[in-house]
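J.: Take this sequence and fold it.
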Amino acid sequence: MDGLAYLPRSDYAGLSMASNEQSSLKAPISCTGVGVHSGLPVTVRLCPAPADHGIVFLRTDTGAQVAARHDAVVDTRLCTVLGGEDAGSRVGTVEHLMAALAGLGIDNLVVEVDGPELPILDGSAEPWLFLLDCAGRAGLGVERRRIEILRTVRVQEGDAFAELRPATDGAPEGLQMNLAIEFAAAAIGAQALSFALDAGSFRRELSRARTFAQRREVEGLQQIGLARGGSLDNAIVVDGDSVLNPGGLRMQDEFVRHKMLDAVGDLALAGAPLHGRFVGSRSGHALNNQLLHAVFADGANWRFRAPAEALLAA
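T.: From the prediction side, this is the model:
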């Protein structure tokens, strides 16, 4: 938790994906950390925003603004990057914060950042949850809409695929998720997880899972000037059948849990909470983003689900 500048803890009492009221934060809160790729210090300030504002990133060093939407994604090779063509308009490594906001049901926020990427913190979403807890939730008294998936949409690259399907009959409001991964490194291997997204399950099942990489990948990135801020303090590093972190894993299947966390953050760029089922195999940032583009390419794939409908279905 080093580098976090906390405000006094509020009377935060929990946020629910099932809430039919839009929300923001009660007060601004900030943190300082290191950018995983630049290796430079970066400060982020999370600021309350009004209803129907959405999540917007503001580069305080350049004045550029970018909405947290799937159609603002410009790079997915190493993380999810939002922005335009020039470097001064871009904000990278947004997926962990976006996952925390989606997991806790925060709809409206201005994210001020003084550099090209958010801090990696400990490589998970847990520090972001701590900040949101400290700032506290503010209900905004305006109805919250959800995006209902009406028919199955699939994108695929080789053996990897990602799908969004209609919710099964009787499924609770929100997003049901199934994800499988498989890596050649014996320390990771094949793992799978099924998960229903709500505030409690996100905090309990996903938030502590850290990003990971194979040792040879890290060495290759550092040779070309990337991953300068990466360390065993903010990522799991594996080498064959070994986990190099002295403290080991936080949970046996931490790898698939982090990939699920990433998927939550990437799918949060839909612009509103999803009601449906996500199914993925070996998917990552690129396929997750392609999936949202495919969904919104045809209006027959989705509709806005009014809060009254959500209540009747509950």
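J.: pLDDT weak spots in the protein?
T.: Counting by pLDDT under 70, the ranges of the chain that qualify are 1-18, 306-314.
J.: hey, what's Glu157 bridged with?
T.: Ala160 (DSSP bridges).
J.: so it makes contact with Leu291?
T.: No - counting by CB atoms under 8 Å, Glu157 does not reach Leu291; the two are 11.2 Å apart. Backbone N, C-alpha and C define where each C-beta goes, glycine included.
J.: Need the contact partners of stretch 292-305.
T.: Contact with stretch 292-305 is made by 70-71, 145-151, 153-155, 164, 266-267, 269-270, 272, 275, as judged by CB atoms under 8 Å, 6 or more residues apart in numbering.
J.: which of Glu157 and Leu291 has more neighbours?
T.: Leu291 (26 against 13; other CB atoms under 10 Å).
J.: Nearest spatial neighbour of that one, chain-adjacent residues omitted?
T.: Setting aside the residues directly before and after it, Leu291 is nearest to Ala162 in space (CB to CB, 6 or more residues apart in numbering), at 4.5 Å.
J.: distance of the one you found from Val42?
T.: Separation of Ala162 from Val42 (CB to CB, to the nearest Å): 30 Å.
J.: Buried ones among the contacts of stretch 292-305?
T.: By neighbour count, with 16 or more other CB atoms under 10 Å, the contacts of stretch 292-305 hold 70, 145-150, 153, 155, 164, 266-267, 269-270, 275 as buried.
J.: Spatially, which two of those residues are the most separated?
T.: Pairwise distances across those (CB to CB) peak at 24.5 Å, for the pair Arg145 and Val155.
J.: list the helices and strands the top helix by length along the chain packs on?
T.: Counting residues, the longest helix found in the chain (DSSP state H) is helix 254-267. Packing partners of helix 254-267 (3 or more CB pairs under 8 Å, 6 or more residues apart in numbering; DSSP states H and E): helix 95-104, strand 175-182, strand 190-196, strand 212-214, strand 274-281, helix 285-296.
J.: Show me what counts as buried in the last one.
T.: Burial within helix 285-296, assessed by neighbour count using 16+ other CB under 10 Å, is assigned to 285-292, 294-296.
J.: With distance to Glu95 added, can I get those in TSV?
T.: Below are the buried residues of helix 285-296 laid out as TSV (distance: CB to CB, whole Å):
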residue	distance to Glu95
His285	7
Ala286	12
Leu287	13
Asn288	9
Asn289	10
Gln290	15
Leu291	14
Leu292	13
Ala294	19
Val295	18
Phe296	19
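J.: what about Ala49, how many neighbours?
T.: Counted by other CB under 10 Å, the residues lying close to Ala49 total 20.
J.: what's near enough to touch it?
T.: With contacts defined as CB under 8 Å, 6+ apart, Ala49 is in contact with 24, 56, 108-110.
J.: Residue nearest the middle of the protein, spatially speaking?
T.: Central residue of the chain (CA atoms, centre = their mean): Gly265, 2.0 Å from the mean position.
J.: Look up how far Gly115 lies from that one.
T.: Distance from Gly265 to Gly115, by CB to CB: 19 Å.
J.: Ile106 too?
T.: Computed with CB to CB, the distance linking Ile106 and Gly115 is 22 Å.
J.: repeat for Gly284
T.: 24 Å.
J.: Same check on Ala270?
T.: Going from Ala270 to Gly115 by CB to CB gives 26 Å.
J.: Of the contacts of stretch 292-305, which belong to helices?
T.: Those of those lying in helices (DSSP H): 266-267.
J.: Among the contacts of stretch 292-305, which are located in strands?
T.: Using DSSP state E, 146-149, 153-155, 164, 275 are the members of the contacts of stretch 292-305 that sit in strands.
J.: Now flag whichever of the residues you listed is closest to Leu132.
T.: Using CB to CB, those come closest to Leu132 at Arg146, 20.4 Å.
J.: pretty sure the closest one is in contact with Ala272, am I right?
T.: Yes - using CB under 8 Å, Arg146 makes contact with Ala272 at a distance of 6.0 Å.
J.: Good, wrapping up.
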